[in-house]
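K.L.:
Compute the structure for the input listed below.
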Amino acid sequence: ASGSGDADFTSTETNRPAQDAPMLFSEGDVFVTRHSNLYKVHLLMHLIGNNKLPSEEECRENPKYKGGVEVTLLEGLERILDVASDCGVGNLSIPLFLLGSVSPSAAMSTPCIQRATTILKAVRAYLAKKKENCDLRTVQFIVPPLSVEVYRHYRQLILNAFQNCLVIK
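P.N.:
Numbering: from 1, shown residues only. From the prediction side, this is the model:
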């Protein structure tokens, strides 16, 4: 990396901000980056979250959660859908769990299923509300690598959530 103009990302530890550095973003914040070097991707909408699947007890007892998802993340997801709709984005890919990763064992846990169901319902509600004023043609839900059985379960969950939602313009 010396003199070549390439960044050295071999040590992520040295690239992290100090623990006492002020936070630039809060959970639920959204920022957009534009890209020209990614295949078929022109915009990335980043949603800031804590990347932690809450327990059933946390969700049940804490008003900051709705269906296993932090309310701030649901608000951020709605802002992403607003930006996509307002800016003429036709295709949008959303991680089904709004988490960086989900272990195969956690994927079938009650909190994970509730979380995915809540996210699907939030997207469906948004699309139904914006039916006539939305340029989104395709919403793709991304799931992490899962076993065939677990994948089929989430596929059916998605189909059930959008069962009567086909709109042809």
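K.L.:
ok so Gln156 is a strand residue?
P.N.:
No. Applying DSSP: H, G, I helix; E, B strand; the rest coil, one finds Gln156 to be helix, outside a strand.
K.L.:
tell me the pLDDT at it?
P.N.:
Note for Gln156: predicted pLDDT of 92.
K.L.:
And for Gly90?
P.N.:
Here, the pLDDT recorded for Gly90 equals 85.
K.L.:
cool, and Lys129?
P.N.:
Listed pLDDT for Lys129 reads 87.
K.L.:
From Asp82, how far off is it?
P.N.:
To Asp82, Lys129 is 11 Å away according to C-beta to C-beta, to the nearest Å. (Glycine included, C-beta is placed from N, CA and C.)
K.L.:
Compare the two (neighbour count), which wins?
P.N.:
Applying other C-beta atoms under 10 Å to Lys129 and Asp82 shows that Asp82 carries more neighbours, namely 14 against 11.
K.L.:
Could you check how far the more buried one is from Ile94?
P.N.:
14 Å.
K.L.:
what's the burial count for the nearest residue to Val139 once chain neighbours are set aside?
P.N.:
Nearest-residue entry for Val139: Leu92, 5.2 Å, with adjacent residues in sequence omitted and distances by C-beta to C-beta, 6 or more residues apart in numbering. Neighbour count for Leu92, taken as other C-beta under 10 Å: 19.
K.L.:
show me the contacts for Leu92.
P.N.:
By C-beta atoms under 8 Å, 6 or more residues apart in numbering, Leu92 lies in contact with Ile80, Leu81, Ala84, Leu136, Thr138, Val139, Gln140.
K.L.:
how much space between the residue positioned nearest the centre of the chain and Asn133?
P.N.:
In the chain, the centroid-proximal residue (C-alpha atoms, centre = their mean) is Leu98; its distance is 3.5 Å. Remark: distance between Leu98 and Asn133 (C-beta to C-beta) = 24 Å.
K.L.:
what about the helices in this structure?
P.N.:
Along the chain, the stretches classed as helices by DSSP state H are 12-15, 56-61, 71-86, 104-107, 110-129, 148-161.
K.L.:
Serialize those to JSON lines and add fields for distance to Asn37.
P.N.:
What follows is the helices of the chain, written out as JSON lines (distance: least, C-beta to C-beta, whole Å):
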{"stretch": "helix 12-15", "distance to Asn37": "21"}
{"stretch": "helix 56-61", "distance to Asn37": "39"}
{"stretch": "helix 71-86", "distance to Asn37": "21"}
{"stretch": "helix 104-107", "distance to Asn37": "32"}
{"stretch": "helix 110-129", "distance to Asn37": "28"}
{"stretch": "helix 148-161", "distance to Asn37": "31"}
